[in-house]
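3D, please:
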Amino acid sequence: TILNLANNLLETLPQSLENLVELRSIILDGNPLDRPAPLPHLENLPKMEIITGDGDALTRLWNQCEEEKLPRLRKLLETNIVKTGEAQS
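Reported below is the predicted structural model:
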């Protein structure tokens, strides 16, 4: 399962992303993520393997992982950052 959240307002999704237990990949686009609302909680998705997106969205998610102490999600982001050459802040 791949979910692309480009140009969607995450807070209006009908179901919590945590209910998508089969989700393996997610693509984040920075446009709807520029607002101060928290990013979705992806730490509890057991099959998540890939998180990708534009640099601003990934940096914001990285910072949220730091603030909320989300080690598994941060590890996924570290893998993605190495693959795409993005630098974390």
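
distance of residue 44 from residue 55?
According to C-beta to C-beta, to the nearest Å, residue 44 and residue 55 sit 25 Å apart. Placement of C-beta: from N, CA and C, glycine included.

And the strands in this structure?
Under the criterion DSSP state E, the chain carries strands at the ranges 2-4, 25-28, 50-53.

for the last one, packing partners?
Contact analysis of strand 50-53 by 3 or more C-beta pairs under 8 Å, 6 or more residues apart in numbering; DSSP states H and E lists strand 25-28, helix 55-68, helix 71-84 as its packing neighbours.

can you do 6 Å?
On a contact count with 3 or more C-beta pairs under 6 Å, 6 or more residues apart in numbering; DSSP states H and E, strand 50-53 meets strand 25-28, helix 71-84.

which one of the ones you listed has the most crowded surroundings?
For those, average neighbour numbers computed from mean count of other C-beta atoms under 10 Å are highest in strand 25-28, which has a mean of 19.

Direction included, what does that strand pair up with?
In the sheet containing strand 25-28, the strands it pairs with under DSSP bridges are strand 2-4 (parallel), strand 50-53 (parallel).

looking at those strands, which has the lowest confidence?
When these are ranked by mean pLDDT, strand 2-4 comes last with a mean of 60.

and residue 44, how many neighbours does it have?
By the measure other C-beta atoms under 10 Å, the count of residues near residue 44 is 14.

now swap in residue 21 and tell me
11.

For residue 59, see how far away it is.
Per C-beta to C-beta, residue 21 is found 27 Å from residue 59.

And residue 25, by the same measure?
Shown here: residue 25 relative to residue 59, a distance of 19 Å by C-beta to C-beta.

Same question for residue 79.
Between residue 79 and residue 59 the distance, using C-beta to C-beta, works out to 15 Å.
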